[in-house]
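S.K.: one predicted model, sequence on top.
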Amino acid sequence: EYLKSLKWIRLLERRTKDDPSGSRSHSAALELGLRNCSTEFFVSMHSDVFVHRDNWLTDLVGYFGQKEDIACVGSGKIELQAKWRILLKKATDLRTFKRKLLREPDPTGKYRYYNRTICCLYRTQTLLKENLSFLTDEEKGLGSGKKLYFDLVDRGCKTVELPSSVMHRYVIHLAHATQVVNPQEFALRTRTVKKYRRYVRKAMSSPAIQGVLPDDSLDQ
């Protein structure tokens, strides 16, 4: 009801409650947004993503430049952990090491890189012209936007793959935050809940977010 009361947004609602998973709901919401998009670029963003830099959208659109053949600008995972922890995790990931060493086949692209819908910009007309959809191959384990990105690349469309560190300059991704603040709907381990509650408190106390909260004009 709060979102409906805001004059500066157009709220698109899905009435169904029969989606088999949260991923499916997310994909369907993106598809609905794309089909109603009237701007040059379509922006996807997770509900647990916070912008913390001015002119973020202008900067990200700038990566398209004047090249109309660029169809997508985005990044992979946006990690909250310290860089040394990320490197340590990769160095001790025996499962990935074994998979690469044995060159295990990956017919569905499960381990293939893709620009994630966490925060991603797409050229609207390219998606529509190529008849691409966010609702594809989820039954094969390809989540929201994954198959769509593969289709873009496989059809020769150019993309910009930003390092996660660059995307992190513009947005913070509080992974699992939506689940943490809705415990009645999602089952998470106690340790995970505690960890991400700390992340949420830290993000919400940041100057960027605290600077927005007093702006009553956003509530109109």
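M.R.: That came through, no problem.
S.K.: show me what contacts residue 158?
M.R.: The neighbours of residue 158, taking Cβ atoms under 8 Å, 6 or more residues apart in numbering as the test, are 67, 69-71. Placement of C-beta: from N, CA and C, glycine included.
S.K.: among those, name the buried ones.
M.R.: Taking 16 or more other Cβ atoms under 10 Å as the criterion, what is buried in these is 70-71.
S.K.: nearest to residue 176, out of the contacts of residue 158: which one, please.
M.R.: Nearest to residue 176 among these is residue 71, at 29.4 Å by Cβ to Cβ.
S.K.: what comes into contact with the strand or helix carrying the closest one?
M.R.: Assessed by DSSP states H and E, residue 71 sits inside strand 70-75. Strand 70-75 is contacted from outside by 60-61, 63-64, 115-123, 126-127, 149, 152, 157-164, 166-167, using Cβ under 8 Å, 6+ apart.
S.K.: now, these that are in strands?
M.R.: Among the contacts of strand 70-75, the ones falling in strands (DSSP state E) are 119-123, 158-162.
S.K.: now those in TSV, please, with extra columns for distance to residue 207.
M.R.: Shown next, in TSV, are the ones in strands among the contacts of strand 70-75 (distance: Cβ to Cβ, whole Å):
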residue	distance to residue 207
119	20
120	26
121	25
122	31
123	33
158	36
159	33
160	29
161	30
162	24
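S.K.: select only the buried ones of those residues in PyMOL?
M.R.: One line in PyMOL is enough to select the buried ones among the ones in strands among the contacts of strand 70-75; burial here means 16+ other Cβ under 10 Å:
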select buried, resi 119+120+121+122+123+159+160+161+162
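S.K.: ok, of the ones in strands among the contacts of strand 70-75, which one's closest to residue 200?
M.R.: Nearest to residue 200 among those, with distances taken as Cβ to Cβ, is residue 119, at 17.7 Å.
S.K.: got a list of what the most centrally placed residue in the chain touches?
M.R.: Centroid check for the chain by Cα atoms, centre = their mean gives residue 118 as the closest residue, at 1.1 Å. The contact partners of residue 118, taken as Cβ under 8 Å, 6+ apart, are 44-46, 49, 74-75, 77-78, 171, 173.
S.K.: from those, pick the one nearest residue 187.
M.R.: The closest of the contacts of residue 118, once distances to residue 187 are taken by Cβ to Cβ, is residue 46, at 19.4 Å.
S.K.: which phi and psi does that closest one have?
M.R.: Main-chain torsions, residue 46, degrees, to the nearest 10: phi -70, psi 160.
S.K.: any idea how far the closest residue to it other than its chain neighbours lies from residue 155?
M.R.: The shortest distance from residue 46 to any non-neighbouring residue, by Cβ to Cβ, 6 or more residues apart in numbering, is to residue 118 (5.1 Å). Distance of residue 118 to residue 155, given as Cβ to Cβ, to the nearest Å: 23 Å.
S.K.: tell me where the model's unsure across the chain.
M.R.: 80-111, 139, 141 (pLDDT under 70).
S.K.: using PDB, write out every CA atom in stretch 187-196.
M.R.: Extracted in PDB, the C-alpha atoms of stretch 187-196 (Å, rounded to 0.1, in the frame of the first residue of the first chain):
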ATOM      1  CA  ALA A 187      14.200 -20.600   6.500                       C
ATOM      2  CA  LEU A 188      17.800 -19.700   7.100                       C
ATOM      3  CA  ARG A 189      20.400 -20.900   9.500                       C
ATOM      4  CA  THR A 190      20.800 -18.900  12.700                       C
ATOM      5  CA  ARG A 191      24.400 -18.200  11.900                       C
ATOM      6  CA  THR A 192      23.500 -16.800   8.500                       C
ATOM      7  CA  VAL A 193      20.700 -14.600  10.000                       C
ATOM      8  CA  LYS A 194      23.100 -13.100  12.600                       C
ATOM      9  CA  LYS A 195      25.800 -12.400  10.000                       C
ATOM     10  CA  TYR A 196      23.500 -10.700   7.600                       C
END
